[in-house]
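Q: Here is a sequence together with a model predicted from it:
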Amino acid sequence: MTDQGFSAEEIDTSRPHPARMYDYYLGGRDNYEVDREAAERVLDVAPDVVLGARANRDFMRRAVRHLVESGIRQIIDIGTGIPTSPNTHEIAHSVDPSVRVAYIDNDPIVATHAGARLLGTGNTGFFLGDMRKPQSILEHPTIGELIDVRQPVALMLVSVLHFVADKEDPAGLVAAYRATLPAGSHLVLSHATGDFHGERADNVAEVYKRATASLTPRTHAEVLALFDGFDLVEPGLVQVHEWRPDDSTDVPDRPVGVYGAIGRLQERAS
């Protein structure tokens, strides 16, 4: 058993896992043959997926820096994925080492790397959890130890909600998290879309049907609806490479099938 309370046998290597496929797109090595085979099937029909994965990672980097520079000192990162440096806490701590980060993922293989890559700074933590069960995450002891929910929090849902089917009510899930957050909190969200690639996006989704989580690309309007209750930070909901690019941003010469934005929670009406 690991310190996360699971056995090695619980790591499912019989079906591709989206987090491990994403690791492969980013050039990582923490994946299995079944993940690589599925990822290659995706790339056969949509080679731009690698471009989108890298642009999404760059968006995360710029978003975290913006959060900390805006005064956020605690972050809940749900759907952490396979650790790939720089990770959320590394980016945050480059601005302010006091930032506290709670990582959550549902893949045991992520936990096997957490001790070496995500923890050890004294103000980071990791636990296995299901984003579809907000209360189980928000009431977890690790959250209680790291996060003061009376103070502004950044909730990160980067490339995870497209793995939540419509019937599972992704907007309702975001609303459940939002209801616990105080004014001044932020939502960082990115989401796959088929707005630019049409049939190719459908073909990608077909491959993911055989993975541990299916993929549901959504339109701009559908992703925008996930920010209900938040005020969007400029420039709003855009393709991830268009969100506040800096000098290190690799600007692609074609559309990227991922939207991203940051929303800020204002004072609630009394």
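A: That came through fine.
Q: for the protein, where's the lowest mean pLDDT among helices and strands?
A: Lowest by mean pLDDT, DSSP states H and E among the helices and strands of the chain is helix 108-117, with a mean of 73.
Q: Which elements pack onto it?
A: helix 18-25, strand 124-128 (3 or more CB pairs under 8 Å, 6 or more residues apart in numbering; DSSP states H and E). Backbone N, C-alpha and C define where each C-beta goes, glycine included.
Q: hmm, who's touching whichever helix or strand comes after the shortest one?
A: Going down the chain from strand 124-128, the next helix or strand is helix 134-138, by DSSP states H and E. With CB atoms under 8 Å, 6 or more residues apart in numbering as the contact definition, helix 134-138 has outside contacts at 76, 78, 104, 129, 130, 131, 143, 149, 173, 176, 177, 180.
Q: I'd assumed residue 104 was in contact with the second one.
A: Yes. Using CB atoms under 8 Å, residue 78 is in contact with residue 104, at 4.8 Å.
Q: burial count for residue 169?
A: 13 (other CB atoms under 10 Å).
Q: got a pLDDT number for it?
A: Model confidence at residue 169, given as pLDDT, is 96.
Q: Same question for residue 21.
A: In this model, residue 21 carries a pLDDT of 87.
Q: about what we covered before: just want the angle from the least confident helix or strand of the chain to strand 124-128.
A: 160 degrees (axes from the mean of the first three to the mean of the last three CA atoms, to 10 degrees).
Q: for the stretch 51-200 of the chain, what spans make up the strands?
A: Counting by DSSP state E, counting those that start in this stretch, the stretch 51-200 of the chain has these strands, from start to end: 74-78, 100-105, 124-128, 154-158, 186-192.
Q: got TSV for those strands, with distance to residue 36 too?
A: TSV is the format used below for these (distance: least, CB to CB, whole Å):
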stretch	distance to residue 36
strand 74-78	25
strand 100-105	20
strand 124-128	24
strand 154-158	23
strand 186-192	20
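Q: lowest-confidence stretch among those strands?
A: Averaging pLDDT over each of these puts strand 124-128 lowest, since it has a mean of 90.
Q: Could you pull out the buried residues of it?
A: 124, 125, 126, 127, 128 (16 or more other CB atoms under 10 Å).
Q: so where is this protein shaky, pLDDT-wise?
A: 1-12, 115-118, 120-121, 268-270 (pLDDT under 70).
Q: top helix in it by residue count?
A: Ranked by residue count, the top helix of the chain under DSSP state H comes out as helix 48-69.
Q: Put together TSV for the helices and strands packed on helix 108-117, with distance to residue 191 on each row.
A: Formatted as TSV, the helices and strands packed on helix 108-117 follow (distance: least, CB to CB, whole Å):
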stretch	distance to residue 191
helix 18-25	13
strand 124-128	23
